[in-house]
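Chemist: sequence and computational prediction follow.
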Amino acid sequence: MASQQTISDHREGAEVYNGGSTCKQKAQELLSSMNLPKGLLPLDDMTELGHNKSTGFVWIKTKNKVQHRFRAIGRMVSYDSEVTAFIENRRMRKVSGVKSKELLIWITISEIFVNDQDPSKITFATPAGLSRTFPFTAFEEDC
């Protein structure tokens with residue numbers, strides 16, 4: 001699995017957390033510190049969260065694949081049992097393990113970013129360059 005190799009490449013020097021409540025708290029703190037909505041990763045059964053501050057690489061492992069419905073926008077999102085990304089201020093690049101359901105098909109999400117001109121909007125992009133923008137508040141904690 002390619003993502004396993006990536007995680008091992010970035011593990012050295014990374015902060016690694018284990019256990020559901022600790023991982024969830026650290027994920028929310030990380031998202032918040034990067035000016036991203038805290039509810040972006042609604043994963044309750046995390047087993048491991050790692051963040052390499054020098055490269056920006058972050059990974060999350062969960063017990064199982066998770067599907068979550070963001071009620072504010074009526075969208076179903078699927079999170080694989082392993083999600084990886086490079087995180088920086090207002091942006092997650094090279095995202096793996098996240099898909100959004102559009103009509104009847106699952107679309108891979110590769111980038112998530114907050115609009116610099118309008119921070120009330122967050123955009124999700126595919127590897128093919130297609131994107132959708134939603135209100136930032138749709139991904140806050142209570143969604």
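Modeler: Ah, there it is. All values derive from a computational prediction rather than experimental measurement.

Chemist: so what's the residue sitting nearest the centre point of the chain up against?
Modeler: Centroid-nearest residue in the chain, with Cα atoms, centre = their mean: L41, separated by 5.1 Å. Contacts for L41 (Cβ atoms under 8 Å, 6 or more residues apart in numbering) come out as 27, 31, 60, 79, 83. Using the backbone N, CA and C atoms, a C-beta is placed for each residue, glycine as well.

Chemist: ditto for E12
Modeler: E12 neighbours (Cβ under 8 Å, 6+ apart): N52.

Chemist: against E82, how distant is it?
Modeler: Distance, E12 to E82, using Cβ to Cβ, to the nearest Å: 18 Å.

Chemist: ok, and for the longest helix seen in the chain, which residues are buried?
Modeler: Scanning the chain for the longest helix, with DSSP state H as the assignment, gives helix 20-33. Judged by neighbour count (16 or more other Cβ atoms under 10 Å), helix 20-33 contains these buried residues: 23-24, 26-28, 30-31.
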